[in-house]
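>>> Provided below for reference: sequence and predicted model.
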Amino acid sequence: MPRLLNLFRLSFCLLTSVVTSLNATPPNVILIMTDDQGYGDFGVHGNNLINTPHLDQLARESASMSDFYVSPVCSPTRANLMTGRYNYRTGVVDTFKGRSMMHSTETTIAEVLADAGYATGIFGKWHLGDNYPLRASDQGFQETYLHRGGGLGQPSEPIENKRRYTNPVLFHNNQQIETRGYCTDLFFEAAARFINQAVDQEKPFFTYIATNAPHSPFHDVPQALYEKYRAMDRSPIMRDKTDDQDTVARIFAMIENVDTNMGFLLDQLDRRDIARDTIVIYLNDNGPNGDRFTGPFRGQKNRVFEGGIRSPLWVRWPAHLDAGTTSDRVAAHYDIMPTILDATGVSKPRGLELDGRSLLP
């Protein structure tokens, strides 16, 4: 009889464990990466000219890695980010002439999370291949809302777009579409619609927002913000005093527009009452696209000095991470995928070799 009782107790404990696991709600994940925004393009990093209140607030509400690194150019960073593997393993070694086409055999974080029941969506820039079987839709993203190649205003865009950032020609689930609005606004609005749909369907979501701002060209930027920064003296935050101050005004206008959209996105999480269990991750893809303020570091995009490869890493997850927690352990872009898997409790596929490690501890 005691043996039977113990067996019953063991069975009950196992059943309770299974039910608890099934009822546990996995966290949502939002991964945001801007294009050519430098380490010094934030108020919280000592830039006293740029207006980034929502990003500064995100930094204060997040746990962060103070020594976090990316590649000096964008496609290699994106390959590391999506696979948790050194970009050289993935076939991505640069940004042009076929060197930004990731092997279709690579397993992405989107594929792993989709297989685990997540709704997966990408909004903005992929830059790892525009054609089958290299597209984001072929690599685990169920919803795609993108421009082609490295950005608007590049040879990969439809010729009829004419380098527009406003009312651009984009691709929704691989179908070419006409749009109305500024590109960054459109990407965040599409991401918000995707998030709302996932919440309505009671599905956890993985939302990857990769803006093409503040990448060049700079002729088409939010006009009111441009006028605001053009009226300022930008020389105190420019390393090279002969650099074009008008270009810096345009870049700052694009960055403040990103910041405004971040405020919109975070408000959306509050309205849907999902902020506590949503992991928000923010980083840059490389250093700044110009020789401007990078805090205590030197360098810019394309260079391997600290200013060219250093990025913030802010992770806001109110349910599990204390705001203001900082680690000075050296970390990099290939650590993001294993960190997300660790945080969501999703197992790495058997046989998949990752170069990164989880930063969650």
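Perfect, I can see it now.
>>> CA only for contacts and neighbour counts going forward, please
Fine.
>>> Identify the spatial nearest neighbour of residue 248, chain neighbours not counted.
Leaving aside its chain neighbours, residue 248 sits nearest to residue 234 (7.3 Å; criterion: C-alpha to C-alpha, 6 or more residues apart in numbering).
>>> Could you check how far the one you found is from residue 183?
Distance of residue 234 to residue 183, computed by C-alpha to C-alpha, to the nearest Å: 25 Å.
>>> dump the residue contacts of the spatially closest residue to residue 51 that is not a sequence neighbour.
Excluding the flanking residues, the one nearest residue 51 by C-alpha to C-alpha, 6+ apart is residue 256, at 6.1 Å. Taking C-alpha atoms under 8 Å, 6 or more residues apart in numbering, we find residue 256 in contact with 50-52, 225.
>>> go on, residue 29?
Per C-alpha under 8 Å, 6+ apart, neighbours of residue 29: 205-207, 278-281, 340.
>>> low-scoring pLDDT stretches of the protein, where are they?
1-23, 238-243 (pLDDT under 70).
>>> can you map out the strands along it?
Assigned by DSSP state E, the strands in the chain fall at 28-34, 63-65, 68-69, 119-124, 143-146, 169-172, 175-178, 205-210, 278-284, 314-316, 326-327, 331-332.
>>> Mind listing the strands the second one pairs with, and their directions?
Looking at strand 63-65 with DSSP bridges, its partner strands are strand 314-316 (antiparallel), strand 326-327 (parallel).
>>> And for the first one, what's in contact with it?
The list of residues contacting strand 314-316 from outside it, by C-alpha under 8 Å, 6+ apart, reads 58-59, 61-65, 278-283, 323.
>>> For the stretch 1-150 of the chain, which segments count as helices?
2-23, 53-60, 74-83, 87-90, 109-115 (DSSP state H, counting those that start in this stretch).
>>> can you check the stretch 151-300 of the chain too?
In the stretch 151-300 of the chain, the segments counted as helices under DSSP H, counting those that start in this stretch are 183-200, 223-230, 245-271.
>>> Grab the two from the contacts of strand 314-316 that are most spread out in space.
The two members of the contacts of strand 314-316 with the most space between them (C-alpha to C-alpha) are 65 and 278, at 18.7 Å.
>>> Nearest to residue 129 among the contacts of strand 314-316?
Taking C-alpha to C-alpha as the measure, residue 129 lies nearest residue 283 of the contacts of strand 314-316, at 21.6 Å.
>>> beta partners for that closest one?
Residues in a beta bridge with residue 283, per DSSP bridges, are residue 33.
>>> Contacts only, for residue 41.
Residues near residue 41 by C-alpha under 8 Å, 6+ apart: 47, 50, 252, 255, 293-294.
>>> of the residues you listed, closest to residue 110?
residue 255 (26.5 Å).
>>> which residue sits closest to that closest one, ignoring its sequence neighbours?
In space, and not counting its chain neighbours, residue 255 is closest to residue 214: 6.1 Å by C-alpha to C-alpha, 6+ apart.
>>> any idea how far residue 146 is from the one you found?
Computed as C-alpha to C-alpha, the residue 214 to residue 146 distance reads 16 Å.
>>> What of residue 304?
According to C-alpha to C-alpha, residue 304 stands 29 Å off from residue 146.
>>> the more surrounded of the two?
Using other C-alpha atoms under 10 Å as the criterion, residue 304 and residue 146 rank with residue 146 on top: 29 against 18.
>>> Quick check: the more buried one vs residue 121, distance?
From residue 146 to residue 121 the distance is 10 Å (C-alpha to C-alpha).
>>> likewise residue 287?
Taken as C-alpha to C-alpha, the span from residue 287 to residue 121 is 26 Å.
>>> My understanding was that the residue nearest to residue 248 contacts residue 250; is that so?
No - at 11.2 Å, residue 234 and residue 250 do not qualify as touching, with contact defined as C-alpha atoms under 8 Å.
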